[in-house]
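# take this sequence and fold it.
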Amino acid sequence: MIIPANIIPFILIGKSLTIYTNCSLATPETAYKTLKKYVKNYEFRDPIEVITEWVPKVKDAGADIIIALTHLGSFQDKEGNITGEAADLCAVDGVDAVISGHTHQSVSGLVNGKPLVQAYKYGRSFAKVTFIFDENNKLVSAEPFLDHLYARADTLKDD
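Residues are numbered from 1 along each chain as shown. Here you go, the predicted structure:
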């Protein structure tokens, strides 16, 4: 992927939390679903290939966990099974959680024991992943959650 000079491929937050930005993990569909003039300077590589390349670099930078913040699609059936490009990232060693987008779905669950969330569309839901660490700053567990704001709009207060 060609990354413009003003784009940082990942951000360390504090000492240990890493967010891998969506600039490098956009769906390859973007190449043909977007007007060519907007994507002509970009290469859309396989997301698995890209994240596999970056995980060691992010770990070497000091990250304890890696959250893939993506624009990759995901779907969840009535039994709770999650599929899609974003779900495939959960098979990559070193990826601890995935935040999905693109398909405008409500998704909250575990794939290979890793949380994956997608907060529906247009701010109608809020996705959250709670991480629990032990005294050595090692990840013990992670719990995905969706708050469907649209379902409780009458309870929300104006700022």
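
# please make it C-alpha for all contacts and neighbour counts, starting now.
OK.

# distance between stretch 35-45 and the chain's centre?
21 Å (C-alpha atoms, centre = their mean, to the nearest Å).

# give me the buried positions along that stretch.
F44, R45 (16 or more other C-alpha atoms under 10 Å).

# pLDDT averaged over that stretch - what is it?
In this model, stretch 35-45 has a mean pLDDT of 89.

# same question, stretch 10-23
Per-residue scores along stretch 10-23 average to 59.

# and for stretch 77-84?
Per-residue scores along stretch 77-84 average to 98.

# that one: how far from the chain's middle?
17 Å.

# next one: stretch 139-155
On C-alpha atoms, centre = their mean, the centre of stretch 139-155 falls 16 Å from that of its chain.

# please begin residue numbering at 398 from this point
Sounds good: first residue 398 from here, last item stretch 536-552.

# who touches it?
Stretch 536-552 is contacted by residues 461-462, 503-507, 511-514, 516, 521-531, 553 when judged by C-alpha atoms under 8 Å, 6 or more residues apart in numbering.

# and the buried ones among those residues, selectable in PyMOL?
Typed into PyMOL, the next command selects the buried ones out of the contacts of stretch 536-552 (criterion: 16+ other C-alpha under 10 Å):
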select buried, resi 461+462+503+504+505+506+507+511+512+513+514+516+522+523+524+525+526
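
# among the contacts of stretch 536-552, which lie within strands?
462, 503-507, 511-514, 516, 523-530 (DSSP state E).

# let me see the contact set for F472.
Neighbours of F472 in contact, by C-alpha under 8 Å, 6+ apart: I479, T480, G481, T500, Q502, S503, V504.

# next one: F441
Here F441 is in contact with M398, A423, T424, P425, T427, A428 (C-alpha under 8 Å, 6+ apart).

# the third one against V447, yeah?
No - if you go by C-alpha atoms under 8 Å, T424 and V447 don't touch, sitting 11.5 Å apart.

# when these two are compared, which one has more neighbours?
T424 (20 against 14; other C-alpha atoms under 10 Å).

# any idea how far the more buried one is from A516?
From T424 over to A516 the distance is 17 Å, taken as C-alpha to C-alpha, to the nearest Å.

# cool, and V526?
11 Å.

# what of G481?
G481 is 15 Å from A516, by C-alpha to C-alpha.

# repeat for D555
For D555 relative to A516 (C-alpha to C-alpha), the value is 21 Å.

# kindly report the same for I445.
Taking C-alpha to C-alpha, one finds I445 at 22 Å from A516.

# much appreciated, bye for now.
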